[in-house]
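> Got a predicted model here, sequence first, then my questions.
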Amino acid sequence: MASITRGQRALHAQFQPWKHSRFHSHLRSQLLPICTRSQLFSTSAPSQQSRRPSPSPPIATTVSVPSKSEINAPISTHPAPLTTPSPLPSSAGAADKLKRYVEFGRAYVTFYKTGLKNVYRNYRASLPLRRKLGLPAYIPISPPRTSTRNKNRSAPSITQESKLGRAQFQLVRRSARDVRRMIPFTLILIVCGEFTPLIVPIFGSAITPATCRVPSQVEKERVAATARKLAALDVFVAGDKDRSVHLLKAGGAEQLALLAGRFADPAWVADAGSADVLRASAVFGLIKRHAKTAGESLAGLIYRPRLARYVEYLAIDDGMIRVGGGVKAMNATEVRIAVEERGGVDVSSGTQDRKRVEELERRWLEQWLAVRGNGSKSKKL
């Protein structure tokens, strides 16, 4: 046993250096190629990431601030396209009809969510411009906040030193308008969900941001605005026998002269009677009815200052359109908005051809600028 033990010890001593040096180097030489090859078939996360295709670029979640030279407001200030399910055949069953109604609701919810996201992004993009105008960042006040005859020079307004391009100015104004409607509309969307399209018509544009208004709602409001305008002008004509009935003709020269030469004139707003102030406010869409209860008694306190601020806004926008390249530089959507803001909501009434509608609206807006340029000088920027 002693000899065996000595032999084992000798054998152990013989292989002891190989164990610590040559064995490890031999093992590494055998394992390294295997490890290298195994990396090609590894299922670990790093290897999977290296083989995965590069992710697609993220969708833009911000609105870029337009430059001073741009005349058209960002497209995010308009409603997004609304995609609804295609109509079903008359032979469709009740289950298919119910499914389509659910798809309709989901399409509207998606449309509303997109509109609310654009409201938030527009306001975020407008913050540097609001600071430039001296407007509070987190109180959605729309410029301008002073009337033309206001002597308070410290109040926020568009000045020569801090002027903006029209696209920038419209971004500030429209984003503030929509933010004021964002909270109540969001609450309705959360509570009603897919039934929101059934609730929105009850409140109309009073709580609906412009980015969340569906085409049928926009058209309905256009028809209602036309009716309000004609009713106000009808009373305006009947109130004085010297006023021509041609003032009621949509798109006519006499009506345009009245809107641009009188209703949009700061001096006329300051001196007009309370009843005429209400009628002009109805024509411009500032109030729902020209014969409001206790309206004449509140005209000097509420409606005349409101009309004066709106007239100042129109004067600023007129000047920005001229500086930005005129009506020809504006797209069709911006032309329509500008025409409706100036009381020309019925200029293209009864015309179905889109090209003809755009032609009439562009011509009317050009005539408006001509009357405003000849009658009274627009507010300088």
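Now that the structure is in, tell me what you want to look at.

> going forward, measure contacts and count neighbours with C-alpha atoms only.
Fine.

> in the protein, what secondary structure element scores lowest on mean pLDDT?
Using mean pLDDT, DSSP states H and E, helix 45-51 stands out as the lowest-scoring helix or strand of the chain, at a mean of 38.

> What helices and strands are in contact with the longest helix along the chain?
Taking DSSP state H as the criterion, the chain has its longest helix at helix 94-133. Packing partners of helix 94-133 (3 or more CA pairs under 8 Å, 6 or more residues apart in numbering; DSSP states H and E): helix 166-192, helix 196-203.

> Tell me which of those helices is the most buried.
Burial of those is given as mean neighbour count (mean count of other CA atoms under 10 Å); helix 166-192 ranks first at a mean of 20.

> starting at the chain centroid, how far to that helix?
Centroid displacement of helix 166-192 relative to its chain, using CA atoms, centre = their mean, to the nearest Å, is 8 Å.

> who's in contact with the closest residue to M182 other than its chain neighbours?
Spatial nearest neighbour of M182, excluding adjacent residues (CA to CA, 6 or more residues apart in numbering): P209 at 6.4 Å. Going by CA atoms under 8 Å, 6 or more residues apart in numbering, P209 touches G115, L116, V119, R177, D178, V179, R181, M182, F185.

> got it, and P79?
Residues in contact with P79, defined by CA under 8 Å, 6+ apart, are G115, A210, T211, C212, R213, V214.

> can those go into JSON lines with extra columns for distance to V357 and secondary structure?
Putting the contacts of P79 into JSON lines (distance: CA to CA, whole Å; DSSP: H, G, I helix; E, B strand; the rest coil) gives the following:
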{"residue": "G115", "distance to V357": "26", "secondary structure": "helix"}
{"residue": "A210", "distance to V357": "22", "secondary structure": "helix"}
{"residue": "T211", "distance to V357": "23", "secondary structure": "helix"}
{"residue": "C212", "distance to V357": "24", "secondary structure": "helix"}
{"residue": "R213", "distance to V357": "21", "secondary structure": "coil"}
{"residue": "V214", "distance to V357": "20", "secondary structure": "coil"}
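
> Need those residues in CSV (columns: neighbour count and distance to E103).
What follows is these, written out as CSV (neighbours: other CA atoms under 10 Å; distance: CA to CA, whole Å):
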residue, neighbour count, distance to E103
G115, 26, 18
A210, 21, 23
T211, 24, 21
C212, 28, 18
R213, 22, 19
V214, 18, 16
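
> residue contacts, the most centrally placed residue in the chain?
Computing the C-alpha centroid of the chain and ranking residues by CA atoms, centre = their mean puts T77 first, at 2.0 Å. By CA under 8 Å, 6+ apart, T77 lies in contact with N118, V119, N122, L171, R174, S175, A210, T211.

> Low-confidence stretches in this structure?
Residue ranges of the chain with pLDDT under 70: 1-62, 145-162, 241-242, 244-246, 292-296, 375-381.

> Tell me where it has helices.
Secondary structure of the chain (DSSP H): helices at 2-17, 23-38, 45-51, 94-133, 166-192, 196-203, 215-238, 253-258, 266-271, 274-283, 295-298, 304-323, 332-341, 354-375.

> The longest helix of the chain: which residues count as buried?
Of the residues in helix 94-133, 100, 104-109, 111-127, 129-130, 133 count as buried by neighbour count, 16 or more other CA atoms under 10 Å.

> Out of the helices and strands packed on helix 94-133, which is closest to R262?
Closest approach to R262 among the helices and strands packed on helix 94-133 is made by helix 166-192 (24.2 Å; CA to CA).

> Reformat the contacts of T77 as CSV; add distance to V65.
What follows is those, written out as CSV (distance: CA to CA, whole Å):
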residue, distance to V65
N118, 13
V119, 14
N122, 9
L171, 8
R174, 14
S175, 12
A210, 19
T211, 18
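
> Show me which of the residues you listed is closest to N72.
Distance to N72 across those (CA to CA) is lowest for L171, with 9.5 Å.

> thinking again about what came up before, quick check: of the contacts of P79, which lies closest to L233?
Minimum distance to L233 across the contacts of P79 is 26.6 Å, recorded for A210 (CA to CA).

> First-to-last residue distance for stretch 190-200?
End-to-end distance for stretch 190-200: 13 Å, by CA to CA, to the nearest Å.

> The longest helix of the chain versus helix 166-192: what angle between them?
Calculated by axes from the mean of the first three to the mean of the last three CA atoms, to 10 degrees, helix 94-133 forms an angle of 140 degrees with helix 166-192.

> Give me the distance from helix 94-133 to the chain's centre.
Taking the mean of its C-alpha atoms, helix 94-133 sits 10 Å from the chain's own mean (CA atoms, centre = their mean).

> Tell me what angle it forms with helix 196-203.
Computed with the same axes, to 10 degrees, the direction of helix 94-133 lies at 60 degrees from that of helix 196-203.

> circling back to that earlier point, out of the helices and strands packed on helix 94-133, flag the one nearest V371.
Closest approach to V371 among the helices and strands packed on helix 94-133 is made by helix 166-192 (20.2 Å; CA to CA).

> quick check: angle from the closest one to helix 304-323?
130 degrees.

> Which secondary structure elements does helix 166-192 sit against?
Under the contact criterion of 3+ CA pairs under 8 Å, 6+ apart, helix 166-192 touches helix 94-133, helix 196-203, helix 304-323.

> In JSON lines, list the ones you listed along with distance to R372.
Putting those into JSON lines (distance: least, CA to CA, whole Å) gives the following:
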{"stretch": "helix 94-133", "distance to R372": "25"}
{"stretch": "helix 196-203", "distance to R372": "35"}
{"stretch": "helix 304-323", "distance to R372": "8"}
